[in-house]
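> compute the structure for the input listed below.
(2 chains)
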Amino acid sequence: MSNAMRGEASQLAQNVFGVYSGARQGAYFSADESMEELLRIASMATQGERETYLRTLGENRGAGSAFFDAYRKQVKSVADSIETTNITAMKVQGRAAEQIEEARVAQSLTGIKDTDVAVRGRTSSLIEPVNILDDATGETSTVGFIMSPSVTDDMDIAARLASGQTLPGVGPARAAENAAALDSVIAAGELVSGSRVNATTATGRTSGVSGSSAAARAEDMGSLFVEEAINKGANFYKKNKTGILVAGAVLASAMIGSRVARKNNTKDLYEDTMMLAPPEEGERPYGIQEALLNGQKSRRRDPLFTAGVVGNLDRQKIGHTSMGSDKNSHLFGDR
Amino acid sequence: MVGAKGPESLENLFLNTNFLSLLEEGGVPKELVTLMETRGTHTAEVDAMLNSYMSEFIQTGKLKLERMPTAGMPPSLLSEEAAREYLQNETKIQETLNQHGFVRKNRSLTAFEKFMRQRIRRSGAVTPITNVSDVARLSEESFNYLLETEPGRQKISLAVDRDYAARMGLPTSFTSEIDGKVLTSEMEESAVGKLFYNKKANRYQMSVGGATENVEKSIAEAAIQDTLREARQGRSLSVGVPFGAAGQQNIGINPGTERIANVAMSEIEQTELDQMRRARSLGAGTVSAPSTKDEVLRAVGTTREFYGSDSSGYSQILAAEAGTTPGSLKTAEFAQTLAQRGLPYASLDARSRVLATAEASATSEIGARMLSLAGDTRFQKLASAETLSDLSDYGIQFMMAQGKEGRFGFKSVVGGRVITPNENSYFRTPISGTPKRASRVIMTADDLMKLKFRTFDESGSAMSEIAFGSKEFIESSELNRFVDSFVQNNSSEKILNRALSIKNQSRATMEDLADQVISLNIRKI
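Model prediction:
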């Protein structure tokens, strides 16, 4: 645990219990006592219990509602923080995070606004938490979360309403689609498992875990799957795209994902980056189609690589991303 | 008078000086209006041209302040402190500025000035993430969403002048209070109020300068619908523009379009909505699990087949095809193909669906590790990074639990030493008074799973309770929402954080949640 987190606890204790008596004759509690009281209220089950305790403690100490008021102030402050910056509790890091950012940059969906707000209004949903039973404690613990893809929340709801769903029905409909998606991938996994090594050996290749002979076996077994896909894909391809000759390896890469590319260049961060999806055609003025297509693709504009300097210059000069028709909205409380 | 201009000060100069009057007197360059009418009001060409005029007027000393707060009008766009100072010294300030010729006498605006002022107010740069500037270009479906649905109408803000406000029953008198002194003012001719939906207050409001009035929902919605309909009906009003040597010429404008201050829908979002509606109309909203291996083999790689970025062979052919296929046909074909091959999330817009595959692929190693740790027999065949990567077209992605990094083999750098982080050892609570206040709440996933979302009645008694991760939570579109942000740790490793982002909850619910967060984090100390 870092000093910052300990510091937060002791500061919180100080903020709540370190208040001074009337004419600043001294604090009601010492630092150690403040921390003890903080831990005591933290162990209580509900907000009601905590508040009742704080009121009683204040009365007993002649501090009136001082402790209660100070605690409420902290609660309001943290509530403000949750309203603006949410509650972070899951992540990906390392190569996976880099690949995701590369893909979003390629789709013009990140690197545009700030370092922190990756994609405006896009949300994903929890499908299922993944829990383990901790042998040591006998308690269930959460190791990860199975999640849906992200989509712009407002637009997804609008499309659903237009297709006959009701607003209260959106959540259950999403949950049902997510459950069906998970069932599909589980079924697909079962169906292709003949070409796969089993779970425990394959995970030997997981990030941070050194390779093993099992990993090499996984590659070989995986190759069978690739070849089979090539044959199926080739049949599909020949049927639909006659007259075009395509080398097997290229087709495999196209049909099966990045495995072949990865074998050739395991460190290529761009391997999973997709081509930019085209914007819809429509009566758009000059520049919008181009702007949609020419999103930021360059790493030079990645704020994490340039400390925001290039991005800020770009935004000031030509990016103009904060100069939409809502540029003055903050003056009015409008969005 | 002006040495340098910040990004938005140019607008202030346009609106509070005699700039437009000078432009009109000197003859408006036709090129400028043509550019504004055809390419957008906030493009590099238009900005550069207006800047050059501004520089000339500043250098020749012609530019004067024109619009100052007056005794009858509460000072607008001033801080409360500045407004107070102005009220105290109003007469002296006016006298000094008048005496030295900085302020032009109050007068009516010409039609050209009104036209340009409206343009400036609602002008926007052309980027994928700035909002749609003209509803006339929206697809019928997107337009109907704005016109016919309540969430759609709430995305519209109007710039309302005095005449329109009076005609539609919107407020024309505004009150504001400074130092206990209530000031009531009528909208002046050049003033423009903003009608908008205030999400926090959960109602429509209209604001002029520093004063805001609540507006009845039916009146606000009538004005928004009237304006939207008018904006789709072509250019019905002419404005005379004095084009220098070419003389006075009329250009057509649409009053409805001019009145729409903001459509809170970006170009990207409009595209997404159109594509999702089309995909749903093609029946792409349902999916059934594959029953044969062939079905799976046909499905995998579909995203790459359409949008693969490999630089050789097959994808080049696809890219060439994409060049000849209209975008709308290609995206519809993509959605239909996904659905036909039994892939989920076929009703997403093409961009989101491409990302779904890319992100599922990116998180496959994390997913494999987590599923193997879980030991759940349902996931046994999926607990391989290769399998999950191959099946990334199914769009399922995996996130590590905060506090379980060590189980995934990730290390931390502390004081220059590389260590395996202790389980559940990192969480943050933004507390005032700390040397470096945490920028956000971070909880361990184990604690997140303990959160309860409660609603309260007016007396503060809990009415309902939903546990994180429960069926009710999973099925709530207001609770089951997560947003992403990228950060970088102290060893320069990129991290994508995913945060719970609930919406439309009462303040009592948020404070109850904050209380739980504080307690759960403190228990870890």
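> can you find the helix or strand in the chain with the smallest mean pLDDT?
You didn't say which chain, so I picked chain A. helix A:199-202 (a mean of 34; mean pLDDT, DSSP states H and E).
> other chain: chain B
For chain B, counting by mean pLDDT, DSSP H and E, that's helix B:314-324 with a mean of 39.
> can you list the low-confidence ranges for chain A?
A:1, A:21-25, A:107-120, A:194-335 (pLDDT under 70).
> would you list every one of the helices in it?
Assignment of helices within chain A using DSSP state H yields the ranges A:3-17, A:31-42, A:47-60, A:66-85, A:95-106, A:153-162, A:167-192, A:199-202, A:213-240, A:248-256, A:259-264, A:288-293, A:303-306, A:309-314.
> what angle separates the second one from helix A:47-60?
Spelled out, that is helix A:31-42. Angle between the axes of helix A:31-42 and helix A:47-60 is 140 degrees (criterion: axes from the mean of the first three to the mean of the last three CA atoms, to 10 degrees).
> helix A:31-42 to helix A:66-85, inter-axis angle?
With the same axes, to 10 degrees as the basis, helix A:31-42 and helix A:66-85 are set at 70 degrees to each other.
> so which elements touch helix A:31-42?
Using 3 or more CB pairs under 8 Å, 6 or more residues apart in numbering or on different chains; DSSP states H and E as the contact criterion, the elements in contact with helix A:31-42 are helix A:3-17, helix A:47-60, helix B:507-523. The way it works is simple: take the backbone N, C-alpha and C, and place the C-beta from them, glycine included.
> who's in contact with the residue lying closest to residue A:41 once chain neighbours are set aside?
Closest residue to residue A:41 apart from its sequence neighbours, by CB to CB, 6 or more residues apart in numbering or on different chains: residue A:50 at 4.6 Å. The neighbourhood of residue A:50, defined by CB atoms under 8 Å, 6 or more residues apart in numbering or on different chains, consists of A:41, A:44, A:71, B:515, B:519.
> per-residue confidence for the last one?
Read that as residue B:519. pLDDT, the model's per-residue confidence, is 95 for residue B:519.
> mind checking how far the spatially closest residue to it that is not a sequence neighbour is from residue B:447?
Take residue B:519 and drop its neighbours on the chain: the residue closest to it by CB to CB, 6+ apart is residue A:42, 4.4 Å away. Here the criterion is CB to CB, to the nearest Å. By it, residue A:42 lies 12 Å from residue B:447.
> report the set of residues contacting both of these two.
A shared contact of residue A:42 and residue B:447, defined by CB under 8 Å, 6+ apart, is any residue touching both; here these are residue B:520.
> which of these two has more neighbours?
When residue A:42 is set against residue B:447 and neighbours are counted by other CB atoms under 10 Å in any protein chain shown, the residue ahead is residue B:447, at 23 against 18.
> and residue B:141, how many neighbours does it have?
The criterion is other CB under 10 Å. On that basis, residue B:141 has 17 neighbouring residues.
> tell me if I'm right that it and residue B:272 touch.
No - between residue B:141 and residue B:272 there is no contact, the gap being 11.7 Å when judged by CB atoms under 8 Å.
> for residue B:367, what are its contacts?
A:144, A:146, B:382, B:385, B:388, B:396-398.
> could you rerun that using 7 Å?
Counting by CB atoms under 7 Å, 6 or more residues apart in numbering or on different chains, residue B:367 touches B:388, B:398.
> what strand or helix carries it?
Secondary structure from DSSP states H and E places residue B:367 in helix B:364-374.
> and the angle from that helix to helix A:95-106?
Here helix B:364-374 points in a direction 140 degrees away from that of helix A:95-106 (the same axes, to 10 degrees).
> the residue of the stretch 1-150 of chain A found nearest chain B - nearest residue in space that isn't next to it in sequence?
Residue nearest to chain B within the stretch 1-150 of chain A: residue A:149 (3.3 Å; CB to the nearest CB). Beyond its immediate neighbours in the sequence, the residue positioned closest to residue A:149 (CB to CB, 6+ apart) is residue B:356, lying 3.3 Å away.
> please parse the chain into its domains.
No chain was given, so I picked chain A. Per the record's domain assignment (automatic domain parsing), chain A is made up of the domains A:3-85, A:121-195, A:197-266.
> I was after chain B.
Each domain of chain B, as a residue range, per automatic domain parsing: B:131-265, B:269-394, B:423-523.
> pick out the shakiest of the ones you listed, pLDDT-wise.
When the domains of chain B are compared on mean pLDDT, domain B:269-394 scores lowest, with a mean of 80.
> and that one, how far out from the chain middle?
Domain B:269-394 sits 27 Å away from the centroid of its parent chain (CA atoms, centre = their mean, to the nearest Å).
> with stretch B:512-525 instead?
On the basis of CA atoms, centre = their mean, the separation between the geometric centre of stretch B:512-525 and that of its chain is 31 Å.
> in that stretch, what counts as buried?
B:512-522, B:524-525 (16 or more other CB atoms under 10 Å in any protein chain shown).
> which members of those residues are the farthest-apart pair?
Using CB to CB, the buried residues of stretch B:512-525 reach their maximum pairwise distance at B:512 and B:525, which is 21.5 Å.
> returning to what we had before: and the contacts of residue A:50, which two are furthest apart?
Looking across those, with CB to CB as the criterion, the two at the greatest separation are A:44 and A:71, at 11.7 Å.
> so which of the two has more stuff around it?
Under the neighbour definition other CB under 10 Å, residue A:44 and residue A:71 were set side by side, and residue A:71 has more, 26 against 14.
> how about the nearest residue to that one, chain neighbours excluded?
If the residues on either side of it in the chain are set aside, residue A:71 comes closest to residue A:16, at 4.9 Å by CB to CB, 6+ apart.
> surely the one you found meets residue A:72?
No - under the criterion of CB atoms under 7 Å, residue A:16 is not in contact with residue A:72, lying 9.6 Å apart.
> quick one: residue B:146 and residue B:155 touch, right?
Yes - counting by CB under 7 Å, a contact exists between residue B:146 and residue B:155, whose distance comes to 6.3 Å.
> overlap of the contact sets of the two?
Listed contacts common to residue B:146 and residue B:155 are residue B:263; contacts here mean CB under 7 Å, 6+ apart.
> count the neighbours of residue B:31 for me.
Taking other CB under 10 Å as the neighbour definition, residue B:31 ends up with a count of 12.
> helix, strand or coil for the residue nearest to it when sequence neighbours are not counted?
Nearest residue to residue B:31, sequence neighbours excluded (CB to CB, 6+ apart): residue B:49, at 7.4 Å. Of the three states, residue B:49 takes helix according to DSSP: H, G, I helix; E, B strand; the rest coil.
> and the pLDDT for residue B:49?
Reported pLDDT for residue B:49: 78.
> against residue B:28, how distant is it?
Distance, residue B:49 to residue B:28, by CB to CB: 11 Å.
> of these two, who's got more company?
residue B:28 (20 against 16).
> which single residue of chain B ends up nearest chain A?
Each residue of chain B has a distance to chain A, by CB to the nearest CB, and the smallest belongs to residue B:409, at 1.9 Å.
> wait, isn't residue B:332 in contact with residue B:280?
No - with the criterion set as CB under 7 Å, residue B:332 and residue B:280 do not qualify as a contacting pair; they are 11.3 Å apart.
> quick one, phi psi at residue B:443?
Backbone torsions for residue B:443, taken as degrees, to the nearest 10, come to phi -120, psi 160.
> tell me who's in contact with it.
With CB under 7 Å, 6+ apart, residue B:443 has these contacts: A:87, A:89, B:402, B:427, B:517, B:520-521.
> between these, which sits nearest residue B:14?
Among the contacts of residue B:443, residue A:87 lies closest to residue B:14 (CB to CB), at 42.9 Å.
> correct me if wrong: the closest one contacts residue B:445.
No - with contacts defined as CB under 7 Å, residue A:87 does not count as touching residue B:445, sitting 10.8 Å away.
> check whether the helix or strand containing residue B:463 comes near chain A.
For residue B:463, the element it lies in under DSSP H and E is strand B:462-467. No - interface with chain A: strand B:462-467 contributes nothing (CB under 7 Å from any CB of the partner chain), its closest point being 8.6 Å away.
> sounds good, over and out.
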